[in-house]
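Enquirer: sequence-free structure coming up:
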């Protein structure tokens with residue numbers, strides 16, 4: 001009996017598949033190297049730009065990694081110093097470690113992770129902080145700096161002169177436009193923070209009577225008007241004011257103890273570069289707030305008792321919860337804060353740096 005010779009087709013298929021896999025592997029390795037190279041080149045370009053602007057930038061040699069599905073650049077002992085023209089004493093930032101990451105298939109976004117201890121310096125004030133998770137996501141746009149950022153934090157711990165502040169979770173979204181006109185948003189900010197545990201509060205103070213935990217804090221802010229170039233803050237503030245610049249507080253909400261407050265306002269700068277504006281405040285728990293302020297001697301007991309009798313007359317059921325809600329007008333003029341045209345606080349003047357250097 002004659003036997004047919006074995007077919008060579010399966011062997012050719014195996015050889016072809018092996019060649020294809022090798023080609024794909026080589027292509028993937030080449031793509032990863034390009035991603036890593038672009039990531040490091042982008043970082044070096046950013047550092048060069050900052051140094052050209054007068055900032056001091058230091059870090060350990062960058063280390064590439066992340067293969068096969070991502071390109072990462074890890075930098076230890078990052079230090080950024082400068083901004084003396086903006087703030088007396090300057091600005092500073094230090095991080096034990098900074099990781100930049102671009103992952104497939106989302107090659108159009110950059111993920112920045114701060115996994116260890118960081119330190120922010122505002123003038124002479126040092127603010128150490130760390131978190132279980134601290135991540136910023138920025139879009140990668142060829143030839144232009146990122147126009148937005150989404151920042152997420154979990155169990156954020158911040159050191160303050162009064163003690164430690166801990167935030168269980170927080171999210172911050174920033175969007176900017178360098179070409180904004182008078183009626184357009186140059187910068188928008190959306191913040192939500194939950195379960196803020198405050199440092200130990202002075203016994204008997206009004207804040208201590210509300211408790212150390214703020215359940216929620218949120219803010220939605222929009223800065224409108226062209227942001228002028230330059231380094232002198234006073235000159236830039238004057239130009240922004242003269243260009244019709246405003247800060248719109250679309251929403252500012254706080255839930256602290258028995259009090260829930262929601263505010264909205266529009267602010268600007270007056271002729272002396274002091275904040276001014278007007279808005280509304282909606283308040284639940286107004287009676288509890290008055291009692292707390294009276295017990296802490298912030299306001300007189302007679303004044304609190306008189307105001308307490310007016311609260312039910314001025315309150316309306318909340319559309320969201322049905323609880324009594326007080327709504328009053330808020331104004332800020334000549335450094336004086338007034339509720340329903342009644343002055344409640346006067347602020348020290350906002351000090352601007354000297355305009356000697358422009």
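Expert: Sure thing, it's come through. Predicted model, so just to flag it, every value in this text is computed and none were measured. Numbers count the residues shown, from 1 in each chain.

Enquirer: For the residue nearest to the spatial centre of the chain, which non-adjacent residue is closest in space?
Expert: Per C-alpha atoms, centre = their mean, the C-alpha nearest to the average position across the chain is that of residue 172, at 4.6 Å. Nearest in space to residue 172, with sequence neighbours left out and distances taken as C-beta to C-beta, 6 or more residues apart in numbering, is residue 151 at 4.3 Å. Bear in mind the C-beta positions are built from the backbone N, C-alpha and C, glycine included.

Enquirer: I figured the one you found hits residue 135, correct?
Expert: Yes: at 7.2 Å, residue 151 and residue 135 qualify as touching, with contact defined as C-beta atoms under 8 Å.

Enquirer: Against residue 186, how distant is the closest residue to residue 225 other than its chain neighbours?
Expert: Excluding its sequence neighbours, the residue lying closest to residue 225 (C-beta to C-beta, 6+ apart) is residue 245, at 3.2 Å. Distance of residue 245 to residue 186, computed by C-beta to C-beta, to the nearest Å: 8 Å.

Enquirer: which neighbours do the two share?
Expert: 223-227 (C-beta atoms under 8 Å, 6 or more residues apart in numbering).

Enquirer: low-scoring stretches of the protein, by residue?
Expert: 1-9, 11-31, 182, 230-231, 298-299, 354-358 (pLDDT under 70).

Enquirer: Just to check, the residue nearest to residue 225 is in contact with residue 268?
Expert: Yes: here residue 245 lies in contact with residue 268, judged by C-beta under 8 Å, at a distance of 6.9 Å.

Enquirer: more crowded one of those two?
Expert: The neighbour comparison of residue 245 against residue 268 (other C-beta atoms under 10 Å) goes to residue 245, with 22 against 17.

Enquirer: coming back round to it: residues contacting the residue nearest to residue 225?
Expert: By C-beta under 8 Å, 6+ apart, the residues touching residue 245 are 182, 186, 223-227, 268-269.

Enquirer: repeat that for 10 Å
Expert: The contact partners of residue 245, taken as C-beta atoms under 10 Å, 6 or more residues apart in numbering, are 180, 182, 186, 223-228, 236-237, 239, 267-269.

Enquirer: closest to residue 321 among those residues?
Expert: Set against residue 321, the nearest of these by C-beta to C-beta is residue 267 (28.1 Å).
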